[in-house]
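Visitor: model the structure of this input:
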Amino acid sequence: LCTVGLLLTLTRSIWLSSVVAAALAFLAAPRLRGWLIPGALLGAIVVTGALAALPALNQRVDERSTEQSSVWVRKNTSRAAVDMIAAKPVAGFGWQTFQTQSAPYFRQAATYPAIGVGQGVHNVFLGNAAELGIPGTVLWACGLVLAIGGALVRRAPPELEPWRTGLVMVGIGAVLVA
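Guide: Numbers count the residues shown, from 1 in each chain. From the prediction side, this is the model:
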């Protein structure tokens, strides 16, 4: 059901991050390593079955997988965020100001249209750096590492090991999507 739910998001970054995160979590947990290939096959069968059984979903997934405009928006907002970081690397532009402050930092690319002005930056790390500056982003990243990293580094009691494995998978997926 989770695999179908991930497919229903119609979000390529979710699709990719869930596959990578699941594979790394299976490899990270010694008890799950033997289940990697059967789990991958089962996931592929579930996705193929859902796409075959639901033609409308198959069409939406096909449209979404080939859509370019969202890629162009991500490229443009990421480039604008990098330019904003270069303009104000220490203090940034202020929390939650990317949508209102980024317009002057958009440039026309040679190979795709300049779309995405007024939208949020999709890269969480670049967005935080543009809004908070590099020191603020480093503090934010340290907080993230301290909050989650400690649970991943320490050996868990046997009864909590499945939760730790799940945290590895969710953490990897969240970082990849970010």
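
Visitor: quick one: contacts of the helix or strand of the chain with the lowest mean pLDDT?
Guide: The helix or strand of the chain with the poorest confidence is helix 150-153; it has a mean of 79 (mean pLDDT, DSSP states H and E). Here helix 150-153 makes contact (CB atoms under 8 Å, 6 or more residues apart in numbering) with Arg164, Leu167, Val168, Gly171. Heads up, the C-betas are built off the backbone N, CA and C, glycines and all.

Visitor: what about Phe93, neighbour count?
Guide: Around Phe93 there are 20 other residues, counting by other CB atoms under 10 Å.

Visitor: thought it was touching Ala129?
Guide: No: applying CB atoms under 8 Å as the test, Phe93 and Ala129 come out as separate, 10.2 Å apart.

Visitor: thinking again about what came up before, which of the contacts of helix 150-153 has the most neighbours?
Guide: Neighbour max across these (other CB under 10 Å) = Val168, 20 neighbours.

Visitor: name the nearest residue to that residue, ignoring sequence neighbours.
Guide: Counting by CB to CB, 6 or more residues apart in numbering, Ala25 is the residue found nearest to Val168 once chain neighbours are left out, at 4.9 Å.

Visitor: quick one, longest helix in the protein?
Guide: Secondary structure of the chain read by DSSP state H shows that its longest helix is helix 124-144.

Visitor: let me see the ranges of the helices in the chain.
Guide: Using DSSP H, helices in the chain cover 2-8, 12-28, 36-53, 55-66, 69-87, 98-101, 124-144, 150-153, 161-177.

Visitor: starting at the chain centroid, how far to stretch 40-51?
Guide: Its chain's C-alpha centre and that of stretch 40-51 lie 22 Å apart, by CA atoms, centre = their mean, to the nearest Å.

Visitor: stretch 115-133 too?
Guide: Mean-position distance between stretch 115-133 and its chain equals 14 Å (CA atoms, centre = their mean).

Visitor: what sits up against it?
Guide: Stretch 115-133 is contacted from outside by 69, 72-74, 76-78, 80-82, 84-85, 88-99, 102-103, 106, 136-137, 140-141, 178, using CB under 8 Å, 6+ apart.

Visitor: same thing with stretch 45-58?
Guide: Under the criterion CB under 8 Å, 6+ apart, residues Thr3, Val4, Leu7, Leu8, Val61 lie in contact with stretch 45-58.

Visitor: returning to what we had before: just send the contacts of helix 150-153 back as a markdown table, with pLDDT too.
Guide: Formatted as a markdown table, those follow (pLDDT from 0 to 100):
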| residue | pLDDT |
| --- | --- |
| Arg164 | 84 |
| Leu167 | 87 |
| Val168 | 83 |
| Gly171 | 86 |
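
Visitor: returning to what we had before: any idea of the pLDDT on the residue nearest to Val168?
Guide: What the model reports for Ala25 is a pLDDT of 86.
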